[in-house]
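J.: need a structure here:
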Amino acid sequence: MSRAKQVLDLAKDQGIMIATAESCTGGMVAAALTDIPGSSAVVERGFVTYTNRAKIEMLGVLPATLTAHGAVSEEVAIEMARGALTHSGADLAVSITGIAGPGGSEFKPEGRVCFGLADAGGITSETIEFGALGRARVRDAARDHALDLLLARMRTK
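T.: Here you go, the predicted structure:
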């Protein structure tokens, strides 16, 4: 069974609505979930906030946070996840912001992706260094990791 199907089944069993806030994945998590029939029972909405302006306007990410930490940071991932909950009727939100490549810098290399996960119990964040796998593979890995985060959170409920 696919990760996405597992997420949907568990969310449906628990009566949980999910929202996504995605930057470098461009909606891939929401697409993985909504590719499955019946997903409307648990997928509340997805935000694709590729630019800083979109993060600010759609999710309420603070300009000061973007200035201080940059878009690819756990601080921004946290504000994205919080914003997805605030601006939706969801019970659980996952956020993704990263550098899929090509490119990056010495300080923020290609393959660095920051994740946020928010629900009524709080917000967690983490950074994964996927490495310079190439754009498509970094995005796929980020999508899969976000689905794993959703699964892990629901399994602890």
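J.: so the residue nearest the centre of the chain is in which element?
T.: In the chain, the C-alpha nearest the mean C-alpha coordinate belongs to residue 95, at 2.4 Å (Cα atoms, centre = their mean). Here residue 95 sits within strand 92-98, counting by DSSP states H and E.
J.: distance check, residue 12 against residue 154.
T.: Here residue 12 is placed at a distance of 10 Å from residue 154 (Cβ to Cβ, to the nearest Å). In short, each C-beta sits where N, CA and C put it, glycine included.
J.: higher neighbour count, those two?
T.: residue 154 (20 against 13; other Cβ atoms under 10 Å).
J.: checking the more buried one next. Helix, strand or coil?
T.: Secondary structure state of residue 154, per DSSP: H, G, I helix; E, B strand; the rest coil, is helix.
J.: separation between the residue lying closest to it once chain neighbours are set aside and residue 48?
T.: Using Cβ to Cβ, 6 or more residues apart in numbering and skipping residues adjacent in sequence, the residue nearest residue 154 is residue 10, 4.6 Å away. Distance, residue 10 to residue 48, by Cβ to Cβ: 24 Å.
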